[in-house]
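**Student:** I'll drop the sequence and a predicted model, then ask my questions.
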Amino acid sequence: MTAKLNDMVQNKPLLPADNPILKGNFGPVDKELTLTALEVIGTIPPQLEGTLLRNGPNPVDPQPNHHWFVGDGMLHGIKLSAGKALEYRNRWVRTTSLEEKTGLTAAPVTGTELLVQGSGNVHVISHAGHILALPELGLPYELNLALDTERQYDFDGELTSSMTAHPKIDGETGELLFFGYDLVAPFLRYHQVDAAGTMTNTVEIDLPEGIMMHDFAVTATRVVFMDLPVVAKLELIDQGMPMPFQWDDNHQARLGIMDRNATSDTVKWIDIEPCYVFHPLNSYDDGDNIIMDVVKYRKVFTALSDSKYAKGAKLERWTIDVAAGTVSSAILSDRDQEFPRVDPRVECHRHRYGYALEVGGELGFGGLLKHDLDTGNSQYHAIDSNCAGGEPIFVPTGPAEDCGYILSVVYNSGTQCSELHIIDAQQFEAEAVAIVKLNTRVPFGFHGNFVEG
Ligand SMILES: [Fe+2]
């Protein structure tokens, strides 16, 4: 499965019957459910008071060459309270595209028409009282905790271009920092939103061409944009490819560093070796340097299938000497891994611990990893061999950085249903303290957050 997954990521055309993204737990579900009386094995910590939200693609009408990154967004919610699992529910994001295909009434849209309207299928955050389903391209959608889509969201009319799925919420100030990239010029914009949810700054940033910029880095004082060699090729859409992006050896890989409060394009660009990063773990200032921990691939989205690149990504530390214009790198963990997360309280600030999902195995994903970046030690939380983990989402419950629980939506191929695994982050290699049986399948998706209350 892993080799096929890599083929998909590299845009290798696959015969429809072989498309792994329509099979097993990559395949979509066809119903919206609300399930109660969920079986629990173990004890749900009573401190977990809120709803785990998880987003991912769930295409209503997948095409034979369907790509995992596209398709109608679907939110999954698991509500925990007083040591009980009260409810699981799933709902599609109510876009106009979904309405055209299903008749499900679309949520109100803004007046902004973008080249890509967005399906809100990548991530979900809660900021300043707004729960936002975030897209790769396009505007976000605001939801409530019942997963009803309330409206397309544009920060009171201030956002008229795409929003990334990976904004950063400063763990100390509560500010929301994000960028948006687009397939047509201007290719990149940077935005600041204060802790109360008001957009205070937008900066247009010059790029030589359109690229896929999935994520970025933010420290207490600076932001880092990743201009990497996966470039936009709109002609791929005409060729029937669902993802208009391709690796380009001619595109110089660069990191762009800018003051976090800059009000004009004052980015300092530093060339780096070609690579691709979907997700930094976290980043912080270290004196004048920037420490940026990333899950790094050698190459993705290549036109030709080349098995030597068909390997997962490693966790790497980049030390950016901004004054000297250099970036040094060191491997932190050489296990194949993705979906790195930290305690949200240390986002944009120095972190000691990081968590990630193991990539590989028959089902595509395996157990979970906890990295202690002070000692260099990594711990492994094993999951049964017939199961595949999901993104590890850390929920703090005490003052120490690793005092809390990891929540991960796990697929069990034996029951063909999914389960919520709750793991004590300080007893990481021990069995899950609780497993909530969801009695339905949550397709492999991307990202989520725990919304308290
Ligand atoms: Fe992502």
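**Tutor:** Ah, there it is.

**Student:** where does the residue nearest to residue 181 when sequence neighbours are not counted land in three-state SS?
**Tutor:** Distances taken as C-beta to C-beta, 6 or more residues apart in numbering place residue 213 nearest to residue 181, at 4.5 Å, with adjacent residues excluded. Where you see a C-beta, it was placed from the backbone N, CA and C, and this is true even at glycine. Here residue 213 is recorded as coil under DSSP: H, G, I helix; E, B strand; the rest coil.

**Student:** how many neighbours does residue 213 have?
**Tutor:** When counting by other C-beta atoms under 10 Å, one arrives at 22 neighbours for residue 213.

**Student:** these two touch, right, it and residue 226?
**Tutor:** Yes - using C-beta atoms under 8 Å, residue 213 is in contact with residue 226, at 6.1 Å.

**Student:** Hmm, residue 286 and residue 293 touching each other?
**Tutor:** No - between residue 293 and residue 286 there is no contact under C-beta under 8 Å: 11.6 Å.

**Student:** re earlier: please tell me how far the residue nearest to residue 181 sits from residue 102.
**Tutor:** Going from residue 213 to residue 102 by C-beta to C-beta, to the nearest Å gives 31 Å.

**Student:** Please apply the same query to residue 259.
**Tutor:** Residue 259 sits 46 Å away from residue 102, going by C-beta to C-beta.

**Student:** now residue 253
**Tutor:** 41 Å.

**Student:** more neighbours, these two?
**Tutor:** residue 253 (17 against 14).

**Student:** Give the full set of residues in contact with the residue in the chain sticking out farthest from the centre.
**Tutor:** Relative to the centre of the chain, the most outlying C-alpha is that of residue 324, 31.5 Å out, by C-alpha atoms, centre = their mean. Listed by C-beta atoms under 8 Å, 6 or more residues apart in numbering, the contact set of residue 324 is empty.

**Student:** and residue 445, how many neighbours does it have?
**Tutor:** By other C-beta under 10 Å, neighbour count at residue 445 equals 24.

**Student:** whoops, I mixed them up, residue 194
**Tutor:** 14.

**Student:** residues contacting it?
**Tutor:** Going by C-beta under 8 Å, 6+ apart, residue 194 touches 175, 176, 200.

**Student:** right, and out of those residues, which lies closest to residue 89?
**Tutor:** residue 176 (26.2 Å; C-beta to C-beta).

**Student:** ok, the closest one - contacts?
**Tutor:** 127, 128, 167, 168, 169, 192, 193, 194, 195, 197.

**Student:** If we ignore the residues flanking it in sequence, what's nearest it?
**Tutor:** residue 193 (4.0 Å).

**Student:** Dihedrals phi and psi, that neighbour?
**Tutor:** phi -130, psi 130 (degrees, to the nearest 10).

**Student:** in terms of contact, does it touch residue 202 like I think?
**Tutor:** No - in this structure residue 193 lies outside contact range of residue 202 using C-beta under 8 Å: 10.1 Å.

**Student:** between those two, who's got more neighbours?
**Tutor:** For residue 193 versus residue 202, neighbours defined as other C-beta under 10 Å are more numerous around residue 193 (22 against 16).

**Student:** and the more buried one, what does it touch?
**Tutor:** 127, 128, 155, 175, 176, 177, 178, 199, 200.

**Student:** Just the buried residues of those.
**Tutor:** Applying 16 or more other C-beta atoms under 10 Å to the contacts of residue 193, the neighbour count classes 127, 128, 155, 175, 176, 177, 178, 199 as buried.

**Student:** Can you tell me which of the residues you listed is nearest residue 377?
**Tutor:** Nearest member of those to residue 377, counting by C-beta to C-beta, is residue 177, at 31.0 Å.

**Student:** What is the burial count for the closest residue to residue 255 other than its chain neighbours?
**Tutor:** Leaving aside its sequence neighbours, residue 255 sits nearest to residue 270 (C-beta to C-beta, 6+ apart; 5.0 Å). Neighbour count for residue 270, taken as other C-beta under 10 Å: 18.

**Student:** Now name the helix or strand holding residue 270.
**Tutor:** strand 268-271 (DSSP states H and E).

**Student:** Relative to the whole chain's centre, how far out is that strand?
**Tutor:** 25 Å (C-alpha atoms, centre = their mean, to the nearest Å).

**Student:** which residues sit against it?
**Tutor:** So strand 268-271 is contacted by 227, 252-258, 320, 322, 325-327 (C-beta under 8 Å, 6+ apart).

**Student:** can you do 6 Å?
**Tutor:** The contact list for strand 268-271, computed with C-beta atoms under 6 Å, 6 or more residues apart in numbering, reads 252, 254, 255, 256, 257, 325, 327.

**Student:** neighbour-wise, which of those residues leads?
**Tutor:** residue 255 (25 neighbours).

**Student:** Each with direction, which strands does the strand or helix carrying that one pair with?
**Tutor:** Using DSSP H and E, residue 255 maps to strand 254-259. Sheet pairing of strand 254-259 (DSSP bridges) gives strand 222-227 (antiparallel), strand 268-271 (antiparallel).

**Student:** Check which element follows the first one along the chain.
**Tutor:** Right, strand 222-227. Per DSSP H and E, the first helix or strand lying C-terminal to strand 222-227 is strand 230-232.

**Student:** Could you give the average pLDDT over that next one?
**Tutor:** Averaging pLDDT along strand 230-232 yields 95.

**Student:** sorry, back to before: so, if you compare the contacts of residue 194, which one comes nearest to residue 43?
**Tutor:** Proximity of the contacts of residue 194 to residue 43 (C-beta to C-beta) peaks at residue 176, which lies at 34.7 Å.

**Student:** Enumerate every residue touching residue 80.
**Tutor:** 44, 48.

**Student:** before we move on, the earlier item: outside of the strand holding residue 255, which residues touch it?
**Tutor:** Here strand 254-259 has contacts from 222-225, 227, 266-272, 322, using C-beta under 6 Å, 6+ apart.

**Student:** which of those has the most neighbours?
**Tutor:** Across these, neighbour numbers were computed from other C-beta under 10 Å; residue 223 holds the maximum, 26 neighbours.

**Student:** hang on, the earlier thing: most widely separated two among the contacts of strand 268-271?
**Tutor:** 252 and 257 (15.7 Å).

**Student:** Quick one: neighbours of residue 45, just the number.
**Tutor:** Neighbour tally, residue 45, other C-beta under 10 Å: 17.

**Student:** same deal with the one 3 residues further on?
**Tutor:** Other residues within reach of residue 48, judged by other C-beta under 10 Å, total 22.
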